[in-house]
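# Build me a model from this:
(chains A and B)
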Amino acid sequence: MPFVLVGAFAAALVGRYLPESAISRWMPRRRLPAVLVGCLFGFVAPVCDCGVIPLARRLAAKGVPWHAVVAFVLAAPVVNPVVLLATAVAFQGDWRVVALRASMTLSVAASIGLLTGRLVGRAGGLAPALPPISGGALDLAPTPSARAVPALLAHATDEYFEVIFFVVLGALFTAAAQTLVPRADLTAVGGHPVGSIVTLMPIATLLSICSEADAFVARAFATTFSLGAVLAFMTIGQIVDLRNGLLLLRTLGVELVLLIVVVSYLLVFVEALAINRLVPGL
Amino acid sequence: MRRLRGALLVGSALLIAKLFLAGEMARYMSPALDPLSALTGVLLAAMGLVELRRPPAHGHRDRAHGHIDAADPIGQALTYLLVLLPLVLGLAIPPRALASSALGGESVASLLLSFGAGPAPVPGRPPPDPPAPLTDLPDLLAYLRQAGEAGLGQPVRAVGLVARSDALGQNEFALLRYTVAHCVADARPFSLLVVAEDGGWPTDQWVEVEGVLASRARDGDRLVAIEAVRVVAVEEPRNPYLPPLR
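The predicted structure is shown next:
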């Protein structure tokens, strides 16, 4: 809960005080640098996966190229200080897990971002039709300082109620799995280098846990499942999840979302398998 | 809806306050996170009070600001219900520490601590002295890491829950504890074999066992055991969980 609140307040701060004009001014025009900036932009705008799409739509509306927008959408929920710190806390300061998580997410985001650049740019390619964007908090006039704190709290409350549903649902799911599923069964699946990954990836998509909270759920799997599977859980869960699926479809279109689903599942699986072979477990 | 949201936030803050005042927070969260939990309560209360004072929302929420279509009444109702459920349960039902029912159908016998591979202790040699008397499981585990089977015969005291299994003998039970890194969602069980003349303690009874460190051969493993000279019922510890074992 504390980390969910941290995320809610960070998103509220970004929503209220980060001007989009500055964001689009800093964006490089060339594809590779733009994708890299998109990948790392979460450090400037530490939004969770719940808040990333509204911000991405605004970036696209301001003229930020789609390959950078897609890289931002896929990387920012994980590659930001709030989530990386939460991951470090969840895994008791094991920075190896933090580095592997960030690397997996960045590799997938950069790959799909570059693919998007190739496919969106060509004739008949995957050009998303940007849905209309209504005005919102980002367009509001600056709040007088006397009202700034209540306004921030109100904004954070909105963010909180957007994510808390999934946090409680994830907790219920975890509690049910830990109480009802015999641990020996989980251990049997979880110890297998391939089976553990194949099992945890769809669970991550189904659970759709917010990136600010998923490390704590993943930690519960860490003693049963392989390291690669736990990292795959934390990576794919922020890229392909049911919760944001509809919003992602509406923003990026069917073809682009299909590309994201297929490529990210394949890449994450291969990387997790490599981790299981090359990196010692937790 | 603003009032409902405000009430839910203030209620969540009150639940955190109640858990602290009743000394029950440790049944949910690691004491190491107490400052963060307290800060969470304060922030939730502040958010709730601001929400209660906000003017009512008209129409649907703006889409650019929100994440999911907040105008969806079913989604909103489900969200409020899911926040309300743990709130009501938390306020109405006194929390209980995890016990044998949380083992997820796993036999406690499969969780028994065993000695790792290593040289057998030299007969007749006394066990090395620990830096301090072994008064609970963390001390015992630290000692075992240092001494291994050479520590057999060392006096020890440990507190835990009585857990049973068909795989254990008449005069045996398992002393069950959970380790928690942050909250009960990451709780992991482990257990220690106790050999006692009076093994008839009810399941999930908190007991303090005094005895000496021993080992028992079982299915090719050498289990860590306590040969009890005294077993007494005790109250549940203030923090029923142990920090994660390394």
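# give me the low-pLDDT residue ranges for chain B?
Filtered on pLDDT under 70, chain B yields the residue ranges B:57-72, B:117-122, B:199, B:245-246.
# so what are the domain limits for it?
By the record's domain assignment, chain B is partitioned as B:2-92, B:100-233 (automatic domain parsing).
# In a markdown table: the ones you listed, plus distance to residue A:232 and mean neighbour count.
Every C-beta, even on glycine, is put in place using the N, C-alpha and C of the backbone. Formatted as a markdown table, the entries for the domains of chain B read as follows, by distance: least, Cβ to Cβ, whole Å; neighbours: other Cβ atoms under 10 Å in any protein chain shown:
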| stretch | distance to residue A:232 | mean neighbour count |
| --- | --- | --- |
| domain B:2-92 | 24 | 16 |
| domain B:100-233 | 19 | 17 |
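# Okay, helices next: where are they in the stretch 51-200 of chain A?
If you assign secondary structure with DSSP state H, counting those that start in this stretch, the helices in the stretch 51-200 of chain A sit at A:66-75, A:81-90, A:95-121, A:145-180, A:183-190, A:195-207.
# Output the first one as CSV, nothing but the C-alphas.
Spelled out, that is helix A:66-75. Only the C-alpha atoms of helix A:66-75 are listed here, as CSV (Å, rounded to 0.1, in the frame of the first residue of the first chain):
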residue,chain,number,x,y,z
TRP,A,66,5.0,6.8,-32.6
HIS,A,67,8.1,4.7,-32.2
ALA,A,68,9.1,6.9,-29.2
VAL,A,69,5.6,6.8,-27.9
VAL,A,70,5.4,3.0,-28.0
ALA,A,71,8.8,2.7,-26.4
PHE,A,72,7.7,5.0,-23.7
VAL,A,73,4.4,3.1,-23.2
LEU,A,74,6.3,-0.2,-22.8
ALA,A,75,9.2,1.0,-20.7
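# can you give me the offset of that helix from its chain's centre?
A distance of 11 Å separates the C-alpha centroid of helix A:66-75 from that of its chain, computed with Cα atoms, centre = their mean, to the nearest Å.
# Could you name the helices and strands sitting against that helix?
Using 3 or more Cβ pairs under 8 Å, 6 or more residues apart in numbering or on different chains; DSSP states H and E as the contact test, the elements touching helix A:66-75 are helix A:31-40, helix A:49-61, helix A:95-121, helix A:242-252, helix A:254-278.
# picking that back up, with distance to residue A:235 added, can I get the domains of chain B in JSON lines?
Putting the domains of chain B into JSON lines (distance: least, Cβ to Cβ, whole Å) gives the following:
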{"stretch": "domain B:2-92", "distance to residue A:235": "21"}
{"stretch": "domain B:100-233", "distance to residue A:235": "20"}
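# isn't residue A:120 right up against residue A:67?
Yes - contact criterion Cβ atoms under 8 Å: residue A:120 and residue A:67 qualify, at 6.8 Å.
# So for the two, which residue has more residues nearby?
More neighbours surround residue A:67 than the other of residue A:120 and residue A:67, with 24 against 20 (other Cβ atoms under 10 Å in any protein chain shown).
# gap between that one and residue A:76?
As for residue A:67, its distance to residue A:76 is 14 Å (criterion: Cβ to Cβ, to the nearest Å).
# circling back: which of the helices and strands packed on helix A:66-75 has the highest mean neighbour count?
Of all the helices and strands packed on helix A:66-75, helix A:49-61 has the most neighbours on average by mean count of other Cβ atoms under 10 Å in any protein chain shown, namely a mean of 24.
# what about residue B:10, which helix or strand?
Assigning secondary structure by DSSP states H and E places residue B:10 in helix B:2-21.
# nope, residue B:130 is what I was after
Using DSSP H and E, residue B:130 sits within no helix or strand.
# And the strand or helix carrying residue A:231, what does it pack against?
Assigned by DSSP H and E, residue A:231 belongs to helix A:227-239. Identification of packing neighbours for helix A:227-239 by 3+ Cβ pairs under 8 Å, 6+ apart yields helix A:95-121, helix A:195-207, helix A:214-221, helix A:254-278.
# Rounded mean pLDDT for it, please.
If you average the pLDDT over helix A:227-239, you get 93.
# Now do that helix: distance to the chain's middle.
The offset between the C-alpha centroid of helix A:227-239 and the centroid of the whole chain comes to 11 Å, using Cα atoms, centre = their mean.
# Tabulate the CA atom coordinates of it in PDB.
Below are the C-alpha coordinates for helix A:227-239, written out as PDB (Å, rounded to 0.1, in the frame of the first residue of the first chain):
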ATOM      1  CA  LEU A 227      14.400 -16.500 -11.400                       C
ATOM      2  CA  GLY A 228      13.700 -16.200 -15.200                       C
ATOM      3  CA  ALA A 229      10.000 -16.900 -14.600                       C
ATOM      4  CA  VAL A 230       9.800 -14.300 -11.800                       C
ATOM      5  CA  LEU A 231      11.500 -11.700 -14.100                       C
ATOM      6  CA  ALA A 232       9.200 -12.700 -17.000                       C
ATOM      7  CA  PHE A 233       6.200 -12.200 -14.700                       C
ATOM      8  CA  MET A 234       7.400  -8.700 -13.800                       C
ATOM      9  CA  THR A 235       8.200  -7.800 -17.400                       C
ATOM     10  CA  ILE A 236       5.300  -9.200 -19.500                       C
ATOM     11  CA  GLY A 237       2.800  -8.100 -16.800                       C
ATOM     12  CA  GLN A 238       3.500  -4.500 -17.600                       C
ATOM     13  CA  ILE A 239       3.500  -4.900 -21.300                       C
END
